[in-house]
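Peer 1: structural data only, the sequence is not supplied:
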């Protein structure tokens, strides 16, 4: 069976966010039946939604080739979040680690537990910029070419951290 290509959004704004994202890259590379084939540079981004006064986030995207199903991969991602101290008490609140399954091949799903592609991927600069770094020719099912989505997205709150990656 051919592995699937999945893209995972990574974010953190608590407990040394740069270290949290770097540790997440290593943890993703260690997932059974999965290989991390690309990782984006890190980006500093302003919080979107949630309570006021949150610190900025560090965001990135990883490309994985995986033999896991989308739901199996999501379960592993949620377990990794918990292992990194993720607390889900406030929607869009500050967090030690956020791992979002953005895309899984070109599969679309509107399951209550897993929506693919990620429902807000196409409108979030903190996902689009790092995703473009590792997959510039990507097409998002139901949304169009990544390059076109990026052209319509503001970069005001996104800063690439080349020196800290």
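Peer 2: Cool, got the structure. These numbers come from a predicted model, not from an experiment.
Peer 1: can you give me the strands in this protein?
Peer 2: 4-12, 34-39, 43-45, 57-66, 98-104, 109-110, 115-116, 139-140, 144-145, 158-160 (DSSP state E).
Peer 1: closest one to residue 132 among those strands?
Peer 2: Set against residue 132 and scored by C-beta to C-beta, the strands of the chain come closest in strand 57-66, at 8.9 Å. Every C-beta, even on glycine, is put in place using the N, C-alpha and C of the backbone.
Peer 1: returning to what we had before: possible to save the strands of the chain as JSON lines with distance to residue 130?
Peer 2: Formatted as JSON lines, these follow (distance: least, C-beta to C-beta, whole Å):
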{"stretch": "strand 4-12", "distance to residue 130": "8"}
{"stretch": "strand 34-39", "distance to residue 130": "9"}
{"stretch": "strand 43-45", "distance to residue 130": "6"}
{"stretch": "strand 57-66", "distance to residue 130": "4"}
{"stretch": "strand 98-104", "distance to residue 130": "10"}
{"stretch": "strand 109-110", "distance to residue 130": "23"}
{"stretch": "strand 115-116", "distance to residue 130": "18"}
{"stretch": "strand 139-140", "distance to residue 130": "14"}
{"stretch": "strand 144-145", "distance to residue 130": "17"}
{"stretch": "strand 158-160", "distance to residue 130": "9"}
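Peer 1: of all those, which one is nearest residue 151?
Peer 2: strand 144-145 (9.3 Å).
Peer 1: hmm, who's touching that closest one?
Peer 2: For strand 144-145, contacts defined as C-beta atoms under 8 Å, 6 or more residues apart in numbering pick out 137, 138, 139.
Peer 1: so for residue 81, which of the strands of the chain sits nearest?
Peer 2: Nearest of these to residue 81, taken as C-beta to C-beta: strand 98-104 at 5.5 Å.
Peer 1: what count of nearby residues applies to the closest residue to residue 44 other than its chain neighbours?
Peer 2: Of all residues beyond its chain neighbours, the one nearest residue 44 is residue 159 (4.6 Å), with distances taken as C-beta to C-beta, 6 or more residues apart in numbering. Here the number of neighbours of residue 159 (other C-beta atoms under 10 Å) works out to 14.
Peer 1: surely residue 159 and residue 41 touch.
Peer 2: No. Look at residue 159 against residue 41 with C-beta atoms under 8 Å: they stay out of range, at 10.6 Å.
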